[in-house]
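In: Dropping a prediction and its sequence here:
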Amino acid sequence: MFPELDPYRVPERLVDDLARRMEDNGAGPHHASLPAGYTYFGQFVDHDLSFDPVSSLRLPNDPGQVEDFRTPRLDLDMLYGSGPRDMPYLYAPDAPPGGELLLIGDSRTQFGEGFAAEDLPRNAAGRALIGDPRNDENAIIAQLHLAFLKLHNRVVRELWDSGHAGQWSDRRSEVFREAQRIVRWHYQWVVVWDFLHRLLPDGLVEGLVTPALATGRPPRPAGRARRRRRPFGFDGEPFMPVEFAVGAYRFGHTLVRPSYQINARATNVQLFSAGGDRLDAGHLDGFRPLPGRLAIDWGRFVQLPGGPPPQPARRLDTKLSQPLSRLPAGVAPPGEAGRSLAWLNLTRGSSMGLPSGQAVAEALGTTPLDDDTLRLARAPAPLWFYVLSEAETIGRGERLGPVGGAIVGEVILAMLAADPASFLHADPPWTPFLGPRPGRCGLADLVAYAAG
Ligand code: HEM
């Protein structure tokens, strides 16, 4: 995104000091208005966009050589894989061709009493059969993935029953494809008008969407920045900008709480376990059949109509909740168990040659944060840390600041504008219609609709 800027190789000592400084050993301050479900929706979006199994933490990497192994698009390929013909194991065997349903698991029947009746589909060893293994990393994102499987299936059934008659494109015989388009477009809408709208600086989404529609790229910034910088857009094939994947979009790590209320009985469930049996409902460890006691009550993660307020996410600041200071094996990259997530993010940013936060701020034409705010003894700030410092100060713990907002917003909008199959590219005036509020749709509407 900023190839003209110098890479900032962060001194190891600064990485170590900063990683320690970023540990939050308390319960963590809460976000004033963001329900906890958006944290995991953000992680779900990350998994949809990015998959990098090859870059090395230990060596300098050339970002140009690290490819996203799947499409860097908001296309839900982790649900659909490359389709029912290529990946039939993701689909229910009994649906008629052309109207394929996604496979849903029943862990109670498969693994016995105590496991959830509705779960991700799993093999005999309990491993999820889904398009991205990371969506089984914890019990919340796994159940969000499950909600999207159910959303697709509900839309297929309604199309078979002649629902949504006015919403068909011209492929009347292809129920599966229509359902896939409808699900993808609602999801993309929620990303832009619910998720980004809540987290980007006020007015930024509106400022990016209209010109992205007209020109296929986000707007030129006004004033000083206009002379300096062409805003981000893809001239050729879309790719995953390293400033997004390794820097700004990792802002979500600070939203993670140390523990969660999952339902009325499981009210203080820890993020990770220290081992334990597969039915232990005291933690959210993934990669196992879902214990029935961890079946999610979505009303605790999003604001359902008429329901009580959901638990909030952690606030956006320069701290990460305590469980993230020692990642268990299976969550940390191979060989890095016990590391803190802050250390991994800072080390990865340095090895990928990210520019400093101040350099990006200047390239965007904004005034960089001062040394007193950053408290780094005048050293340049690693980009990820800088984005969090901005969110903590300028965004008051609730929204990203100018650098984080520009990187996150411009990249996601540019990806949608460049994707010929996205609603923003293919049918700009389109508005959502699933759920009780035609023309509007949020995460709460989608999970409620999926649950039927
Ligand atoms: C329980 C919650 C989460 C855990 C345990 C977790 C853990 C991790 C780990 C271990 C990595 C790899 C670090 C490295 O070696 O470089 C990673 C990468 C990443 N995370 Fe998270 N994460 C969580 C939630 C989130 C959220 C909420 C977001 C954004 C909203 C996010 C965005 C990213 C991004 C963009 C990357 C880099 C690309 C990728 O590998 O996916 N993560 N995360």
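Out: Nice, I can see it.
In: wait, what's in contact with the residue in the stretch 1-150 of the chain that the ligand sits nearest to?
Out: Among all residues of the stretch 1-150 of the chain, G42 sits closest to the ligand, at 2.7 Å; criterion: Cβ to the nearest ligand atom. (Glycine included, C-beta is placed from N, CA and C.) Contact analysis of G42 by Cβ atoms under 8 Å, 6 or more residues apart in numbering lists F195, G252, L255.
In: which of those are close to the ligand?
Out: Of the entries in the contacts of G42, those that also sit close to the ligand under the rule Cβ under 6 Å from any ligand atom are G252, L255.
In: Just the buried residues from the contacts of G42, in ChimeraX please.
Out: Restricted to buried positions by 16 or more other Cβ atoms under 10 Å, the ChimeraX selection for the contacts of G42 reads:
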select :195,252,255
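In: Get me the contact residues on the protein for the ligand.
Out: For the chain, the residues found near the ligand under the criterion Cβ under 6 Å from any ligand atom are 39, 42-43, 46, 50, 52, 138, 245, 249-250, 252-253, 255-256, 327, 331-333, 341, 344, 348.
In: and Y38, how many neighbours does it have?
Out: Summarising burial for Y38: neighbours were counted as other Cβ atoms under 10 Å, giving 24.
In: L279 now?
Out: When neighbours are defined as other Cβ under 10 Å, L279 has 17 of them.
In: That one contacts F115, doesn't it?
Out: Yes - using Cβ atoms under 8 Å, L279 is in contact with F115, at 7.2 Å.
In: what do these two both touch?
Out: P291.
In: And the pLDDT at the residue in the chain that the ligand sits nearest to?
Out: The minimum distance from the chain to the ligand, using Cβ to the nearest ligand atom, falls at G252 (2.1 Å). Model confidence at G252, expressed as pLDDT, equals 98.
In: Let me see the contact set for it.
Out: T39, G42, Q43, D46.
In: what element comes up after the longest helix along the chain heading to the C-terminus?
Out: When the chain is scanned for its longest helix (criterion: DSSP state H), the result is helix 139-160. Per DSSP states H and E, the first helix or strand lying C-terminal to helix 139-160 is helix 175-190.
In: And that next one, what does it pack against?
Out: Under the contact criterion of 3 or more Cβ pairs under 8 Å, 6 or more residues apart in numbering; DSSP states H and E, the helices and strands touching helix 175-190 comprise helix 139-160, helix 423-426, helix 443-451.
In: Next up, identify which helix or strand the residue of the stretch 1-150 of the chain closest to the ligand is on.
Out: With the criterion set as DSSP H and E, the secondary-structure element containing G42 is helix 37-49.
In: can you list contacts of the following helix or strand past that helix?
Out: Next along the chain after helix 37-49, taking DSSP H and E as the criterion, comes helix 77-80. Surrounding helix 77-80, the residues in contact under the criterion Cβ under 8 Å, 6+ apart are 47-48, 70-71, 90, 102, 130-132, 135, 145, 148-149, 152, 180, 183.
In: Now, of those, which are buried?
Out: Neighbour-count burial within the contacts of helix 77-80 applies to 47-48, 70, 90, 102, 130-132, 135, 145, 148-149, 152, 180, 183; the criterion is 16+ other Cβ under 10 Å.
In: Nearest to R440 among the contacts of G252?
Out: When these are compared for distance to R440 (Cβ to Cβ), G42 comes out closest, at 20.3 Å.
In: Tell me the confidence at the closest one?
Out: At G42, the predicted lDDT confidence score is 98.
In: Number the residues from 534 up from this point.
Out: All right, first residue 534 from here; so that's G575.
In: Could you check how many residues crowd around H697?
Out: H697 is surrounded by 15 other residues when neighbours are defined as other Cβ under 10 Å.
In: try G736
Out: Neighbour count of G736, defined by other Cβ under 10 Å: 8.
In: how close does it get to L879?
Out: G736 sits 31 Å away from L879, going by Cβ to Cβ, to the nearest Å.
In: now swap in S922 and tell me
Out: Counting by Cβ to Cβ, the gap from S922 to L879 is 13 Å.
In: which residues touch the closest residue to A914 other than its chain neighbours?
Out: Of all residues not flanking A914 in the chain, G890 sits nearest, at 4.2 Å (Cβ to Cβ, 6 or more residues apart in numbering). With contact set as Cβ under 8 Å, 6+ apart, G890 has these partners: P901, L902, P913, A914, P915, L916, F918, Y919, V920, S922, E923, V936.
In: OK, contacts around the fourth one?
Out: With contacts defined as Cβ under 8 Å, 6+ apart, A914 is in contact with S889, G890, Q891, L902, L907, S922.
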